[in-house]
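1. Whatever this is, show me its structure:
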Amino acid sequence: MAVIVALLLIAGALFALVAALGILRLPDLYTRMHAASKAGTVGSGLLLLAAGLHSGEVAVFARALAGFVFFILTAPVAAHLLARAAHMTGYRLGPDSTQDDLLGR
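-> Have a look, this model is predicted:
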């Protein structure tokens, strides 16, 4: 069990690191938000599952699993709504972006 928890912790930390690097390195709000919502969700979910497994209690693991499902369901929706609000207020795409799918709506 300790090996599984350790692997989940390492994988979760790596995903969180990728999300943080994406926020720092990507050129505009939309790509930064993509990095934060995708990699950040997986990273925090894996860390939560590792904590639930490490506790050794079924009730704690069930709550950690419910939290992971909540992350998976809410983070993409929140990122979409924030990106749409940014687009509606006029925040422009980065210079490397080639297509604006919301421009015609």
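2. packing partners for the lengthiest helix in the chain?
-> Determined from DSSP state H, the single longest helix within the chain is helix 58-88. Identification of packing neighbours for helix 58-88 by 3 or more Cβ pairs under 8 Å, 6 or more residues apart in numbering; DSSP states H and E yields helix 29-55. Any C-beta I mention is one placed from the backbone N, CA and C, and that applies to glycine too.
3. What are the buried residues along the longest helix of the chain?
-> Going by neighbour count (16 or more other Cβ atoms under 10 Å), the buried part of helix 58-88 is Phe61, Ala64, Gly67, Phe68, Phe71, Ala75, Ala79, Ala83, His87.
4. repeat for stretch 90-97
-> Leu93.
5. In contact with the nearest residue to Leu46 once chain neighbours are set aside, which residues?
-> Nearest residue to Leu46, sequence neighbours excluded (Cβ to Cβ, 6 or more residues apart in numbering): Gly12, at 3.3 Å. By Cβ atoms under 8 Å, 6 or more residues apart in numbering, the contact list for Gly12 reads Val42, Gly43, Ser44, Gly45, Leu46, Leu47, Leu48, Leu49, Ala50.
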